[in-house]
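J.: next one to model:
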Amino acid sequence: MATKLSHIPNWINGQEARPANNLWIDKFNPHSGELLCYVADSSATDVHDAITAAGNAFSLWSELTPIKRGQVLSNIVASMKRRSDELADCIALETGKPPQDAKGEVGGGILQAEYFAGEGMRLYGRSLTSGTPGKHSHTVRQPRGIAGLIVPANTPIANICWKTFPALICGNTVVLKAAEDSPRIANLFAQLAKEAGLPDGVFNVVQGQGQSAGAALVEDSRVAVISFTGSTNVGRWIAEVAGKRLARISLELGGKNSLVVCDDADLDQAVHWASLSAFSNAGQRCASGSRVLVFKDIYDSFRDKFVAKAKSLRLGVSAGCDLGPVINKRQQQNILAAIETARAEGGRVLCGGGAPADPDLKAGYYIQPTVIDGLQASAELSRKEVFGPVVTLHPVENLAVALKVSNSTEYGLTAAIHTRNVDRAMWFAQRVKAGVANINLGTFGSEPHMPFGGFGASGNGTREPGVEALDVYSEIKNISFLVNLDHLN
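T.: Numbers count the residues shown, from 1 in each chain. A predicted model of the protein is given here:
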């Protein structure tokens, strides 16, 4: 007897809402390739209803004191902690993450949420001096209005927390465009937020495709701030469309991030961090270390150790596996095509290079951990983000060449360098075109209180999270008043 598949609806004004057109998208299990559920294929009508609900709730939510808003958000954090196993199970099923990775992501989302719930007590302004006798000035933060949040599927609960909590603590109401490849986690978060006391309409979820639901959110003039994490091409479109009406826009886009290994590096540690940077989360990180630049004198030694490490990684969704599948069939095929292009451009596939033959994995969207060398810095795979477990190795003469290669793409998100020399490390970190530069670490690792974002095609200059995220979701107002000094005589 066939199992009845669930339907994942929208969440509007505190309750589930079926799509107005009653159309649904197939969502497949990335591990098995089997149909997992049906997801609301929302139209502009559904988006309009969600924005209306957020607009109606704005007055109530924004009039609460920041401390009171923080207390409500703290209740959501407590609920996330109580239901952390349920959240992790949902992420593991929808995205194909091994269980320990799903649990780690939930923990990271909770830390993010805790940090911004606490900002209710620190939503500071500034006292300002004046050249006019008796004039006193200060600034306050005020909410923008309705925040449209568009998140990807690679780290779904972390992305939701990353954007939702700073938006809410500033007094905005939210319409979240969930990733079509991780739909249920967004609705699960909405349900627990309601149970924790978040008023209806303050947080709404619209499911569906970017071309319809996402576009309608960006185009609606009632949405005051758009925060988007995803591809550079889509980010450019959002900047153009929402920028015409002068909406606040925060873009966290792609990256082609370099990890530099100097000739004085601890090779075992460099291999460890390079592997995590390239292959954790199946390489599906905007901060993935997909280019490793190695000093020529140690290139052969590093390459051999790194390839051995890549070959040792376990694919699957069981506890202890190192990486799962990529998120969908389309992405798997795009990655395989990129590998073939690299071969045609002279790349040597040192390991991996295709889908695994293991019968337990063959039906899923798996890519073997893939290491390629022999490519020119100008090759397509050397310059373009692939968003999968594929890394290229490049020998370099010295640190100056490593810097030049690191800065040779249109992106500028993250970078890392491995060296025992502090002077080398700081010289590189100061000059590399990246919003994040790590020393003797991986290319990822942002924490809730640290600003994250990039240069060039990696973003538009905003930073989330960290206290800098408050600048995305609030307006700064300067208030001045004049004391009549004559009354004091």
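J.: part of a helix, is S280?
T.: Yes - judged by DSSP: H, G, I helix; E, B strand; the rest coil, S280 forms part of a helix.
J.: what domains does the record give for the protein?
T.: For the chain, the structural domains run 6-253+459-476, 258-439, going by automatic domain parsing.
J.: how long is the first one end to end?
T.: Right, domain 6-253+459-476. End-to-end span of domain 6-253+459-476 (CA to CA, to the nearest Å): 45 Å.
J.: cool, and the last one?
T.: Distances were taken as CA to CA; on that basis the terminal residues of domain 258-439 are 12 Å apart.
J.: quick one: mean pLDDT for it?
T.: Mean per-residue pLDDT for domain 258-439: 96.
J.: what does the first one give?
T.: Confidence over domain 6-253+459-476, taken as the mean pLDDT, stands at 96.
J.: and the residue lying closest to P9 once chain neighbours are set aside, what helix or strand is that in?
T.: Excluding its sequence neighbours, the residue lying closest to P9 (CB to CB, 6 or more residues apart in numbering) is E16, at 4.6 Å. C-beta coordinates here come from the backbone N, C-alpha and C atoms, glycine included. Assessed by DSSP states H and E, E16 sits inside strand 15-17.
J.: show residues contacting that strand.
T.: Under the contact criterion CB atoms under 8 Å, 6 or more residues apart in numbering, strand 15-17 has outside partners 9-11, 46, 49, 187, 200.
J.: my guess is H418 contacts D268. True?
T.: No - counting by CB atoms under 8 Å, H418 sits too far from D268 to count as a contact (10.5 Å).
J.: can you pull out the strands in the stretch 301-450 of the chain?
T.: 348-351, 370-373, 390-396, 411-412, 414-418, 436-439 (DSSP state E, counting those that start in this stretch).
J.: next, format the ones you listed as CSV and append distance to Y473 and mean neighbour count.
T.: Below are the strands of the stretch 301-450 of the chain laid out as CSV (distance: least, CB to CB, whole Å; neighbours: other CB atoms under 10 Å):
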stretch, distance to Y473, mean neighbour count
strand 348-351, 44, 16
strand 370-373, 39, 24
strand 390-396, 35, 23
strand 411-412, 24, 24
strand 414-418, 23, 30
strand 436-439, 21, 21
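J.: among the ones you listed, which is nearest E114?
T.: Closest approach to E114 among the strands of the stretch 301-450 of the chain (CB to CB): strand 436-439, 21.8 Å.
J.: what comes up buried for stretch 64-74?
T.: Neighbour-count burial for stretch 64-74 flags 64, 66, 69-70, 72-74 (criterion: 16 or more other CB atoms under 10 Å).
J.: among those residues, which pair sits farthest apart?
T.: Farthest pair in the buried residues of stretch 64-74, by CB to CB: L64 and S74, 13.3 Å.
J.: measure N257 to Q191 for me?
T.: N257 is 36 Å from Q191, where distance means CB to CB, to the nearest Å.
J.: specify the beta-bridge partners of H418.
T.: V261 (DSSP bridges).
J.: so what's it up against?
T.: Contacts of H418 (CB under 8 Å, 6+ apart): 259-262, 265-266, 269-270, 273, 439-440.
J.: let's see it at 7 Å
T.: 260-262, 265, 269-270, 273, 440 (CB atoms under 7 Å, 6 or more residues apart in numbering).
J.: A102: which of those residues is nearest?
T.: W273 (21.9 Å).
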